[in-house]
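1. got a predicted structure plus its sequence, pasted below:
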Amino acid sequence: MKLLFEKSLPGSCGRYLPDSDVPEYALPEDALRKTPPALPELSETELSRHYSALSRRTYGVNCGFYPLGSCTMKYNPRINEELAALPGFTEVHPLQPEHTVSGCRAVLDLAEDALCRVTGMDAMSFQPAAGAHGEFTGLLLIRAYHRARGDFKRMKILVPDSAHGTNPASAAMAGFDVVNLPSREDGLVDLDALRRAAGEDTAGLMLTNPNTLGLFDTGIREIADIVHEAGGLLYYDGANLNAVLGVARPGDMGFDVVHLNLHKTFSTPHGGGGPGSGPVGCKEALRPYLPASRLAGAVSPESIGQVRAFHGNFLVVVRALAYLLSLGSDGLLEASETAVLNANYLLHRLSPKYKAAYSGRCMHEFVLTLEDLKSETGVSALDLAKALADRGIHPPTMYFPLIVHEALMLEPTETETKETLDEAADLFLELYKAAHDRPELLKNAPLNTPVRRPDEVAAARNPVLRYTPGEAAQE
Amino acid sequence: MGGYIPSPDTERREMLAALGLESASDLFSHIPGGVKLSAPLDLPGGKSELEVRREVSALAARNTVFPTVLRGAGAYRHYIPSVVKYIPAKEEFLTAYTPYQAEISQGILQAIFEYQTMICELTGMDVSNASVYDGASAAAEAAAMCRERKRTKTLVSAAASPETIATLRTYSEGAGAEVVLIPAPEGKTDPSALVALLDGETACVYIQQPNFFGLLEPCEALAAATHTAGAKFVMGVNPISLGLIKSPSECGADVAVGEGQPLGLPLSWGGPYLGFMAASRALMRRLPGRLVGQTHDAEGNRVFVLTLQAREQHIRREKAGSNICSNEALCALTAAVYMAAMGPGGVKDAASQSVSKAHYLAGRLCRIPGVSLAYPGEFFHEFVTTLPVSRETALAALEKGGILGGLPVDRGLLWCVTEVVSRAELDKTAEILEEVCRK
């Protein structure tokens, strides 16, 4: 379909501003740009239709089943949107005096209190804007903690090889050396390898629990003891918290710092790639190092400073607070129980044909390996994913974690019915059969989507990252 | 059933039975005691939608919404056309994840591609990414982009936003890279101080335009000095201003970043906002975050995809240039809708009305004895005035009149005027202040 620029009709823009009611002030000529930016010009009708067409070419949670592992694509309640749009929140300047923003402060305080109870932490900052931002922040807290104790040699962060890519990337950004820990055959942390790796230079260990394979690491207390005895701290990647709400708390597992993904566990919409919110919680000993806005005042002298402007993605926190109030203690537990039940049920339905990468009870998600299917039929995890997209299901996360070959990671979440899970399972089984009978069907998928598989190699070889008039060869 | 769980108990019992389990708690039997909670979370029980609506609305009602906002300092109240609020609320855009599956994500991918194009147009730069968290973190990411093995230092103007400087420091501290302030004695970056500070270890120079005090910096000269020393020139810009004033590319910038909030995002007590980043083609592969590129499918259709992913954390892990994953996609979409709705004329109008109104207020205020511009030089839509009374007295009087006055800074108040403020409101502001200063 056409781009905005290809629909542009000069002079057709709506009239949004009145004429100026003050004398014009002309800035000096040499301060002005020579040519105006070539922004598109569209009437409001054309603009609305353009984006309606784009929205029809976008698949959201409300379009259907979205078992994208590690992303917790649960339903995003509408009430949360309405509350986040209240003018009492949206029309407040971030640098208003304190006595005029007590409602905003209360939102953060209530969310902090609730999330600390959920995680077993003592304090929290909402400044980080997403999970990776939270990781970076949390690692700087760990760094500040060691340095405040005069301990400058702890420059290594241990990261299991099953970890999200953001973990090692964040550790490197925070100035640490990354030590990759190989996982055991059962997918859990190898305690012996951990003992060998932990020492006087260990700043900490980053862990997701349940891990990215969907397995709860039952050795977590021993893991914590090993790291703590070596003088390091434990960092909890909260991406998978949806499995353990009201069941187990990172703080009780021995973690010192956590980040949460409010856009995963706490139902705030992902917006096609943000805005998220990645609050960082910590134990009392790390509280002085939490980040805060400098212009808004109240930064502890020991603070790591700030990781962005102002107070974080505040409206995302409003949504998460509304969700926390809606669910409460009982609802949070029920959410996790159902998320884990749905995952186990779906795995159970698939297990006659599909192979889980690791045996044992899964938590809220699980990983399949299609290695056998690929060697038998030539059909890869990618092919199966595309065939699912063709049939109206958002594909699972592909080729992650990296330690599983031909991986598909499924996270159904709690907001799906048994009927949806059964239909998905039936489709998976049908495609399994099709992979053996008519593999070319899957290799050619998708056929029914707005476009076919893109040539990604061409995209990377000759990057076209913007529209240039005259270069629109095709549509 | 609370918790937005659609399956009734009966259905869940069926699923448990299929697994050979009796109750949901059996799903967690392998979690060791001592780790497993023995009591429910210490939180109230779940509430109905009506109760939640009342409770959260009451919190919103505790805030003061000023009818007149004359404060900016990094967050600006511009007019937001209705259509700009409605389009991003479409549920497909709202509830989609990052567009990993291109075939079913063409809508969001095309919207980001269009956003990237508009950011390139505004800044004059060659390439734009799909967004980062906000303007301050965009500045920090830009500094990281420019670092090389032997050049790691960032020089940042003391007239940049304190929030940006603080964020730059935090990020650079992580990387073990030095951040040095370029003095701005009269509210503007001192060019000779810049020249003196530039050396073979300087990776980049960061200048904010218009700067924190609203003044226009001599960016072309600063860029030339920077390039002579072999360093990169990074500009932090206000996107609305670019409807009117020189683009970063005209000034000679290698990287242009900024806070995208003025492009259709409400103040929202500071977020979610939007960091935009654009660069010269030479730096394309060093841009952090998502990039949407154009390609084609087997049938020759134009297709958009996430591209150059080999830069990113999920591939490169600890060797990635940045850890960013989720960014501010929906805010980028909002900014795109804003720019398309307003068009070049509308953005320019918002910019020039803001400039004119700021100068009108400055003129009115400076007629009050004891009030004068704290710094010389041309300014955009922000300016600092001195005050003959305490800042607190002045702000309290304005607050009574429903006006959020300028931000307290060293020399007085930092005012901001945008196109949404009427002449009558500006006159009222001047009258209140006149009254206070007379006492």
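-> Nice, I can see it. All of these numbers come straight from a predicted model, not from anything done at the bench. Numbering: from 1, shown residues only, chains lettered A, B, ... in the order given.
2. ok, residues contacting stretch B:371-378?
-> A:27-28, A:31, B:186-188, B:213, B:215-216, B:362, B:365-366, B:383-388, B:411-412, B:433, B:437 (C-beta atoms under 8 Å, 6 or more residues apart in numbering or on different chains). In short, each C-beta sits where N, CA and C put it, glycine included.
3. looking at those residues, which are in strands?
-> With strands defined by DSSP state E, the entries of the contacts of stretch B:371-378 inside them are B:383-385, B:412.
4. tally of neighbours for the closest residue to residue A:273 other than its chain neighbours?
-> Closest residue to residue A:273 apart from its sequence neighbours, by C-beta to C-beta, 6 or more residues apart in numbering or on different chains: residue B:329 at 3.3 Å. By other C-beta atoms under 10 Å in any protein chain shown, 29 other residues sit near residue B:329.
5. now do the phi/psi pair for residue B:329.
-> phi -50, psi -50 (degrees, to the nearest 10).
6. buried ones in the least confident helix or strand in chain B by mean pLDDT?
-> In chain B, the helix or strand scored least confidently by mean pLDDT, DSSP states H and E is helix B:313-316, which has a mean of 83. Buried residues in helix B:313-316, counted by 16 or more other C-beta atoms under 10 Å in any protein chain shown: B:313-314, B:316.
7. stretch A:446-454 now?
-> Buried, per 16+ other C-beta under 10 Å, within stretch A:446-454: A:446, A:449-454.
8. just the ones in helices from the residues you listed, please.
-> Within these, no residue falls in helices by DSSP state H.
9. so can I have TSV of the residues you listed showing pLDDT?
-> Converted to TSV, those look like this (pLDDT from 0 to 100):
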residue	pLDDT
A:446	97
A:449	96
A:450	96
A:451	96
A:452	97
A:453	97
A:454	97
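10. so which of the residues you listed also contact chain B?
-> Contacts with chain B within the buried residues of stretch A:446-454, counted by C-beta under 8 Å from any C-beta of the partner chain: A:446, A:449-454.
11. now those as a markdown table including distance to residue B:167?
-> Formatted as a markdown table, these follow (distance: C-beta to C-beta, whole Å):
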| residue | distance to residue B:167 |
| --- | --- |
| A:446 | 42 |
| A:449 | 40 |
| A:450 | 39 |
| A:451 | 39 |
| A:452 | 42 |
| A:453 | 40 |
| A:454 | 36 |
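12. and of those, the nearest to residue B:35?
-> When these are ranked by distance to residue B:35 (C-beta to C-beta), residue A:446 comes first, at 43.1 Å.
13. give the contact list for that closest one.
-> By C-beta under 8 Å, 6+ apart, the contact list for residue A:446 reads A:386-387, A:389-390, A:452-453, B:103-104.
14. quick check on these: which are buried?
-> Among the contacts of residue A:446, the ones that count as buried by 16+ other C-beta under 10 Å are A:386-387, A:389-390, A:452-453, B:103-104.
15. neighbours around residue A:456, how many?
-> When counting by other C-beta under 10 Å, one arrives at 16 neighbours for residue A:456.
16. touching, it and residue B:304? I think so.
-> No: look at residue A:456 against residue B:304 with C-beta atoms under 8 Å: they stay out of range, at 11.1 Å.
17. between those two, what contacts are shared?
-> Residues touching both residue A:456 and residue B:304 by C-beta under 8 Å, 6+ apart: residue B:295.
18. assign residue A:266 to helix, strand or coil.
-> coil (DSSP: H, G, I helix; E, B strand; the rest coil).
19. that one: how many residues sit nearby?
-> Number of residues near residue A:266 (other C-beta under 10 Å) recorded here: 31.
20. now it, nearest residue through space, not along the chain?
-> With C-beta to C-beta, 6+ apart, the residue lying closest to residue A:266 is residue A:320, at 3.9 Å.
21. for the helix or strand hosting the one you found, which helices and strands make contact with it?
-> For residue A:320, the enclosing helix or strand under DSSP states H and E is helix A:314-350. Applying 3 or more C-beta pairs under 8 Å, 6 or more residues apart in numbering or on different chains; DSSP states H and E, one finds that helix A:314-350 makes contact with helix A:78-84, helix A:87-90, helix A:102-119, strand A:366-369, strand A:407-410, helix A:418-437, helix B:9-18, helix B:49-61.
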